[in-house]
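Chemist: Got a predicted structure plus its sequence, pasted below:
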Amino acid sequence: MASRRRTILMAIGIPLFVLLTVLSVIGLIYYRQLTQTRKLMRPMVTQQLEKNLYVCRAAWFNNFFLFKTDCGLVAFDTGLYPEVTRRELAKLGFRPEDVKAVFLTHSDQEHAGGAINFPNAKIYIGKDEVQMIDGTTGRVPWPLSIVYYNELKVPYETLEDGQVVDVCGLKVKTVFCPGHTPGTVVYIVGDKLIAGDSMGLKDGRIVGFNEYLFVNMDVERMNRSIRDILAKLPGITQILTMHFGMTSDVDKAFENWRRKR
Ligand SMILES: [Zn+2]
């Protein structure tokens, strides 16, 4: 009787132990990769960049951008924590209530999680990112997707590739740029490229967002997007990123990508 009980216990216990060990190892690798990635990041501090353009710190590893229009602020991505967003906006003399529109580059939480902090804003997101927030596509492979997934807790409007939205005279063009996530987009405002996480920036040169596990959902597609879509955009004189600062030397930034075939 005792030996039968031991057999049953072992039949359940050993696979369970193996499963938990595997899950812990995957979790630790993921955590380490994420920590490494964040070490490479160079987010900007809250400040006015130009007459109607501001950068606002979102968290210790990222920032978002604001354009001032005649009828309020237009944000590109969001902060995450309500108290931080309010504090950082206050440094610029703004309030979360002043934000009238939010253009999300993708649904990762440090970009989209703070949409809820802007009660008066209309929220826009690329059409192909809906799969990330309706549960169709997990942010990380199963089973980690059970605990880590993207969501958007506010009503939103979707954007098509090439669509131009006019917010009080500020014309915002959407360009689909899949790779980091399937629905990642960049926005073009005048001659500025708001790059989101479509790319990384290192010493003034564009690199892949980063090399680490899971952070880019499709690395090959991301590289194709940089080479075939972003590097060919005409008339861009400034690139603004959410984690790696900005550059006004666009030729240098794209040099390596324009040479690639
Ligand atoms: Zn990000």
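Modeler: Done, it's in.
Chemist: burial measure for residue 207, as a count.
Modeler: Residue 207 has 18 neighbouring residues, counting by other Cβ atoms under 10 Å. The way it works is simple: take the backbone N, C-alpha and C, and place the C-beta from them, glycine included.
Chemist: contacting residues for it?
Modeler: 199-201 (Cβ atoms under 8 Å, 6 or more residues apart in numbering).
Chemist: Which residue is the nearest non-sequential neighbour of whichever residue of the stretch 101-250 of the chain sits closest to the ion?
Modeler: Using Cβ to the ion, the single residue of the stretch 101-250 of the chain nearest to the ion is residue 197, 4.3 Å away. Computed as Cβ to Cβ, 6 or more residues apart in numbering, the closest residue to residue 197 that is not its neighbour in sequence is residue 180, at 4.4 Å.
Chemist: So that neighbour sits against residue 106, correct?
Modeler: Yes - the criterion here is Cβ atoms under 8 Å, and residue 180 meets it with residue 106 at 6.4 Å.
Chemist: how far away is residue 215 from residue 14?
Modeler: Using Cβ to Cβ, to the nearest Å, residue 215 is found at 33 Å from residue 14.
Chemist: More neighbours: which of those two?
Modeler: Each of residue 215 and residue 14 has its neighbours counted (other Cβ under 10 Å); residue 215 has more, 21 against 10.
Chemist: how about stretch 48-60, does it reach the ion?
Modeler: No - under the criterion of Cβ under 5 Å from the ion, the ion is not reached by stretch 48-60; the shortest gap measures 9.3 Å.
Chemist: That stretch - what's its average pLDDT?
Modeler: Mean pLDDT, taken over the full extent of stretch 48-60, equals 95.
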